[in-house]
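1. Give me a model of this one.
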Amino acid sequence: MTKLAYITCICALLSGCGERFAEIKDAASGINAAANSAASAVSQDVHAIRAMAINYQDTTFTVNDLFKTILRDIRWDYDLEKDELHVRGTWQPPLFSDQAWDQQMTKKLAETGIVDVICKIADDTLDPTHTTITLSYNDEIILEQRGEEALYQLYDTFLQP
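-> Here you go, the predicted structure:
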């Protein structure tokens with residue numbers, strides 16, 4: 001009799017697990033669909049721009065190489081009407097290594113500092129004169145650069161050993 005009660009309880013528990021398993025499976029399917037949707041949200045234009053070659057100081061690299069090396073957690077957007085590439089990522093050294101931040105600030109920036117880069121695309125290249133870079137911490141802009149100097153600083157950071 002005890003064994004029968006035990007088997008009945010196990011069966012009841014397992015039948016509840018089947019329903020729960022189905023819920024987990026549906027949730028996993030939803031996550032996969034969201035990931036696929038996000039991946040396809042990056043337009044073909046962005047893919048073409050990411051593949052563009054940059055020639056700087058006798059070195060050739062792609063736009064993708066540049067940003068994937070100097071930033072973390074990158075988000076790519078392209079404004080077709082303005083021909084602008086928008087790149088957003090988490091700051092990491094050695095970007096802006098010329099700044100006199102103490103160790104505590106450097107640590108905070110590495111955790112939650114956000115770099116926004118806007119580059120105009122002209123003749124299948126990044127237009128140095130129409131580049132803007134901002135570094136924000138706690139929704140406050142702590143550094144902003146514009147123009148050729150800003151873009152070339154990104155290139156120089158990429159080329160650092």
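
2. since we're on residue 99, how many residues are nearby?
-> Counted with other Cβ atoms under 10 Å, the neighbours of residue 99 add up to 12. For glycine as for every other residue, the C-beta is placed from the backbone atoms N, C-alpha and C.

3. Strands along this protein, start to end?
-> 53-56, 59-62, 72-79, 84-90, 114-122, 125-137, 140-146 (DSSP state E).

4. Export those strands to a markdown table and append columns for distance to residue 160.
-> Listed next are the strands of the chain as a markdown table, based on distance: least, Cβ to Cβ, whole Å:
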| stretch | distance to residue 160 |
| --- | --- |
| strand 53-56 | 13 |
| strand 59-62 | 12 |
| strand 72-79 | 16 |
| strand 84-90 | 17 |
| strand 114-122 | 16 |
| strand 125-137 | 16 |
| strand 140-146 | 17 |
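
5. Of the ones you listed, which is nearest residue 104?
-> strand 125-137 (11.9 Å; Cβ to Cβ).

6. list the helices and strands the closest one packs on?
-> Using 3 or more Cβ pairs under 8 Å, 6 or more residues apart in numbering; DSSP states H and E, the elements in contact with strand 125-137 are helix 103-112, strand 114-122, strand 140-146, helix 148-159.

7. Dump those to TSV, plus mean neighbour count and distance to residue 60.
-> Converted to TSV, the helices and strands packed on strand 125-137 look like this (neighbours: other Cβ atoms under 10 Å; distance: least, Cβ to Cβ, whole Å):
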stretch	mean neighbour count	distance to residue 60
helix 103-112	13	29
strand 114-122	19	18
strand 140-146	13	24
helix 148-159	17	11
